[in-house]
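Asker: for reference, the sequence and a predicted model appear below.
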Amino acid sequence: MSILLLMDDDGPPFPRSLFSAGEQGIWLDPSDFSTLFQDAAGTTPVTAVGQPVGLALDKSGRGNHATQTTAASRPTLQQDSNGLYYLSFDGTDDGMATPSIDFTGTDDQWPTALATLV
């Protein structure tokens with residue numbers, strides 16, 4: 001399971017506000033099915049839990065979309081008992097890549113990623 005937590009000194013902000021002044025970063029939202037696709041080209045939308053995710057669109061407005069071109073290495077969309085969606089990685093070869101993100105000069109807020117494999 002992979003969870004992205006975005007936090008600053010005052011607690012968790014609304015993710016879009018993290019990028020309002022041009023800060024670099026990425027915002028992937030597995031609960032927004034309109035941003036998830038089964039293929040890296042973005043032609044087959046994710047419509048249900050258990051489907052692979054080959055493209056996750058970045059909602060930050062920076063275009064740092066995450067992709068996986070190898071079908072067997074794509075995470076799958078899952079839903080926990082509280083109804084929250086997440087991407088599940090197999091711990092072997094699943095992964096997604098993003099373009100290089102330059103974080104130099106961005107010390108106002110620190111995104112934190114917490115990944116737990118199941």
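Answerer: Yep, that arrived.
Asker: not counting its neighbours along the chain, what's nearest T44?
Answerer: Closest residue to T44 apart from its sequence neighbours, by C-beta to C-beta, 6 or more residues apart in numbering: Q38 at 4.3 Å. To be clear about C-beta, it is placed using only N, CA and C from the backbone, and glycine gets the same treatment.
Asker: neighbours around that neighbour, how many?
Answerer: Close neighbours of Q38, defined as other C-beta atoms under 10 Å, add up to 20.
Asker: over to the one 3 residues further on?
Answerer: For A41, the neighbour count with other C-beta under 10 Å is 11.
Asker: which stretch of helix or strand covers it?
Answerer: Under DSSP states H and E, no helix or strand contains A41.
Asker: the closest residue to it other than its chain neighbours and G83: what is the separation?
Answerer: Nearest non-adjacent residue to A41, counting by C-beta to C-beta, 6+ apart: L55, 7.3 Å away. The gap separating L55 from G83 is 24 Å, by C-beta to C-beta, to the nearest Å.
Asker: thanks again, I'm all set now.
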